[in-house]
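Novice: Here is a sequence with its predicted model. Questions after.
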Amino acid sequence: QITLKESGPTLVKPTQTLTLTCTFSGFSLSTSGVGVGWIRQPPGKALEWLALIYWDDDKRYSPSLKSRLTITKDTSKNQVVLTMTNMDPVDTATYYCAHVLGGGVEFDYWGQGTLVTVSS
Amino acid sequence: QSVLTQPPSASGTPGQRVTISCSGSSSNIGSNYVYWYQQLPGTAPKLLIYRNNQRPSGVPDRFSGSKSGTSASLAISGLRSEDEADYYCAAWDDSLSAGVFGGGTKLTVL
């Protein structure tokens, strides 16, 4: 079955770079049509679409965060990495990774999420 | 300010039918599929409706989705206490070349 799990720091300081890793199983990111996306949710607020990478290395980013985000994949390790530069307290959120099949918002399997707090 | 607009709250009594709306534009809902997610308290979102009106395996047929023009709706019939959750609509936006979510609707079962 498909599972995903996010990992990374729980606390980062303002201006630092956040690196999150999504480790998955049950599918291959070399299979046509497959992708992995990142979504975040500040405490008590709505979901926000961040970035997406497809099997063919096609990458898409939220326009409002594009300058700060980088998404990469390591197919051999079954991992997708998201980096976000210049972190700010407003970036405090639970960050989710999710499996994508088809459309860029068709997230059929989700990780449990990881809470990242930005504070000095 | 979300690209897709949802009412912040909705409510109903057990057994009732409730609908949640999602309004967008020609670049998102008007030209792409709509998806709905259910998020129970303290858990990750779950895909509830995909490609406007399709239900993943295991989702009860009490949940249904529809789309017309630049708007979409999620209907829940035979409301149950376990349906109390946050509901989000989502769509791809061709102008942004990115995904967008609605602001979410908190459903309360009275």
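Specialist: On my side now, so go ahead.

Novice: Return the residues in contact with B:L47.
Specialist: Taking Cβ atoms under 8 Å, 6 or more residues apart in numbering or on different chains as the criterion, B:L47 is in contact with A:106-108, B:35-37, B:56. In this view, the C-beta of every residue, glycine as well, is placed from N, C-alpha and C.

Novice: give me the element A:I39 is part of.
Specialist: Secondary structure from DSSP states H and E places A:I39 in strand A:34-41.

Novice: Near chain A, which residues of chain B are found?
Specialist: B:2, B:32-33, B:35, B:37, B:39, B:44-47, B:50-51, B:56, B:88, B:90-92, B:96-104 (Cβ under 8 Å from any Cβ of the partner chain).

Novice: just the buried members of those?
Specialist: The neighbour-count criterion (16 or more other Cβ atoms under 10 Å in any protein chain shown) marks B:2, B:32-33, B:35, B:37, B:39, B:44-47, B:50, B:88, B:90-92, B:96, B:98-104 among those as buried.

Novice: Assign A:S76 to helix, strand or coil.
Specialist: Secondary structure, DSSP: H, G, I helix; E, B strand; the rest coil: A:S76 is helix.

Novice: Same check on the one 4 residues further on?
Specialist: The three-state assignment at A:V80 reads strand, by three-state DSSP.

Novice: What pairs with the longest strand seen in chain B, parallel or antiparallel?
Specialist: Counting by DSSP state E, the longest strand found in chain B is strand B:85-93. For strand B:85-93, the paired strands and their directions (DSSP bridges) read strand B:34-39 (antiparallel), strand B:98-101 (antiparallel), strand B:105-109 (antiparallel).

Novice: want to throw the ones you listed into TSV with mean pLDDT?
Specialist: What follows is the strands paired with strand B:85-93, written out as TSV (pLDDT from 0 to 100):
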stretch	mean pLDDT
strand B:34-39	98
strand B:98-101	97
strand B:105-109	97
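
Novice: wait, which of those is closest to A:P63?
Specialist: strand B:98-101 (6.1 Å; Cβ to Cβ).
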